[in-house]
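>>> Here is my input; please provide its structure:
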Amino acid sequence: MPGGGREIGKISSAVGGRENSPGGNSPDGVRREVLRRRIGSGALVVFAALGLTAAAWWALRPASDPSVPLPAGIEGLGPAVQRLVEGKATAVEEEPGNPDLWADLGLAHEANGLWEEARSSFAQALILDSDNHDLRYHYAVTTLETGDVEGAARLLEEIPPEAAAFPAAQQRLGLIRLELGDFDGALEAFRRVQDRAPDRAAGFVGAAEALLRSGRPKEARPLLDRALILEPDHAGARYRLGVLQSVLGEEENARRDLLRGAASEVRLLPGPQADRLQRYAVSLPGRIDRAETLRRAGRLEEGMRILREALRDHPGNVTVLNNLARSHLDRGELDEAREVLQRALEAGGGWETRTVLASLELERDRPDRALEEAERAVEAAPQMALPYSLRAQALVALGRYEEAATNMEEVLRREVRDPRAYVALGVLYEGLGRWIEAFRLYHRAAERWPDLVPAQIGLADAASRLGRTEIAEKALSRIRRLA
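Just a heads-up that it's a prediction; the model follows:
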């Protein structure tokens, strides 16, 4: 095969594993998208409940008869949500001066993604109980979700070290400061997370990213090593280790870790009232979203418990069954995943069920069976990218690299905004010795996403192979600046 055996591992890493499951994005891409969405929506600037300015007090002042926030069209959210929210609202109406009841209403809204109503409820609760730092944390979270990034940061800064919410608040504060380019401030916040949560990877990964972005890679390495000792499956730590290795010239290790961690997402520490939030996530979409959030945070058992409860209320729901099977896959419980997927097929599961089945067969090292399932998914949903991606993974495992590249081209046609598709196809082109095509692909990706390290690494490699020394040097310079 052109390109040599060294390329085969890169191809498998680029298009293999569960990184291609729905919802996967790089941590940088996820946070940029969230920040863009939140800033775009706009919101009231929030001041700390203590020491309010006159303008802030006017914005947040309690009405003499504060109205209870209820979402429009609550009937359409399902009977479980309606019963929960209306029950909490009735309690508030009967005792409007009780901050605990306002907080409870806010949690009911928050658990089901009703961010505006949740924020209004927490605002009223905080006015009535300004020293409650659990309330301040939830007010900050909902403030962030409704668009006010700066206001959320100020609220998080008000939470003192002795508060139970402090580690989760500092992690969110660190993430905000990273996005705003305040790397020193982010590093301080993540170091406080390390102090309060030394058994979790969150503080070490966040601090490592702040160090990498501020040009201190050598200081970041022991933090990433520590994070992977604490949580060996932490894809975010793996991705940042790949960035570090690329700076240090450890090319092969860098490619492997960058691709293995490309779909990582932020693992948020649980905040106060996490258990109650889980109980209150009673809408089917709310339960599914909550379970998926927990899955991405590595809290698989908690997420699976929510999905099992959802199945009791919605037996045979294919989406719940697919997500439950995916969680079993994450835990390496392949027989259990197969059993759940069989139930999904019997309930009418379509192309999404087939994609999870394809992932299962890949995990079992049965690429021929994975290819069969991916083919069925492609036939059922030819407009979707994921089935082609899984078909490419199976073809790579079978040594059919030209066909794999053709399928990744189909992925790229359907996901032109997914940087991972560019990288995966570029790696396949490299392995096939198609360096001009790889160069063009990496160059396009590097122009669209100049901060995408794997694209810059691929561009440097391809440009060097083609004798485009100036472009290779510019790409290497960009990689150093990014680190």
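
>>> Touching, Ala125 and Gly106? I think so.
Yes: under the criterion of C-beta atoms under 8 Å, Ala125 makes contact with Gly106 at 6.3 Å. All C-beta atoms are positioned from the backbone trio N, CA, C, and that covers glycine.

>>> What ranges does the stretch 101-250 of the chain have for its helices?
In the stretch 101-250 of the chain, the helices defined using DSSP state H, counting those that start in this stretch lie at 115-128, 133-145, 149-157, 166-179, 183-196, 202-213, 217-230, 235-247.

>>> List the buried residues for the shortest one?
This means helix 149-157. By neighbour count on 16 or more other C-beta atoms under 10 Å, the buried set for helix 149-157 is 149, 151-157.

>>> Repeat that for the fifth one.
Buried positions in helix 183-196, judged by neighbour count with 16+ other C-beta under 10 Å: 183, 185-194, 196.

>>> Of these, just say which sits nearest to Ser327.
For those, the residue nearest Ser327 by C-beta to C-beta is Val193; the value is 26.2 Å.

>>> got a list of what that closest one touches?
167, 170-171, 174, 200, 202-203, 206-207, 269 (C-beta atoms under 8 Å, 6 or more residues apart in numbering).

>>> so can I have CSV of those showing pLDDT?
Listed next are the contacts of Val193 as CSV, based on pLDDT from 0 to 100:
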residue, pLDDT
Pro167, 96
Gln170, 97
Gln171, 97
Gly174, 96
Arg200, 94
Ala202, 94
Gly203, 96
Gly206, 95
Ala207, 96
Leu269, 92
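
>>> Just the buried residues out of those residues, in ChimeraX syntax.
One line in ChimeraX is enough to select the buried members of the contacts of Val193, burial here meaning 16+ other C-beta under 10 Å:
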select :167,170,171,174,200,202,203,206,207,269
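
>>> could the contacts of Val193 be laid out in TSV, adding distance to Arg338?
Shown next, in TSV, are these (distance: C-beta to C-beta, whole Å):
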residue	distance to Arg338
Pro167	38
Gln170	41
Gln171	36
Gly174	40
Arg200	32
Ala202	33
Gly203	38
Gly206	37
Ala207	40
Leu269	33
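
>>> now, among the contacts of Val193, which is nearest to Phe439?
Gly206 (34.8 Å).

>>> ok so, going back, which stretch in the helices of the stretch 101-250 of the chain is the model least sure about?
Confidence, taken as mean pLDDT, is least for helix 235-247 of those (a mean of 81).

>>> Show me what that one is packed up against.
For helix 235-247, the elements it packs on are helix 202-213, helix 217-230, helix 251-260, helix 453-465, helix 469-482, judged by 3 or more C-beta pairs under 8 Å, 6 or more residues apart in numbering; DSSP states H and E.

>>> Could you give me the buried positions within whichever helix or strand comes after the third one?
Yep, that's helix 251-260 we're talking about. Using DSSP states H and E, the helix or strand that follows helix 251-260 in sequence is helix 274-280. Within helix 274-280, the residues scored as buried using 16+ other C-beta under 10 Å are 277-278, 280.

>>> Just the angle for the helix or strand that comes right after helix 274-280 relative to helix 235-247, thanks.
Counting by DSSP H and E, the next helix or strand C-terminal to helix 274-280 is helix 284-296. Interaxial angle of helix 284-296 relative to helix 235-247 (axes from the mean of the first three to the mean of the last three C-alpha atoms, to 10 degrees): 50 degrees.
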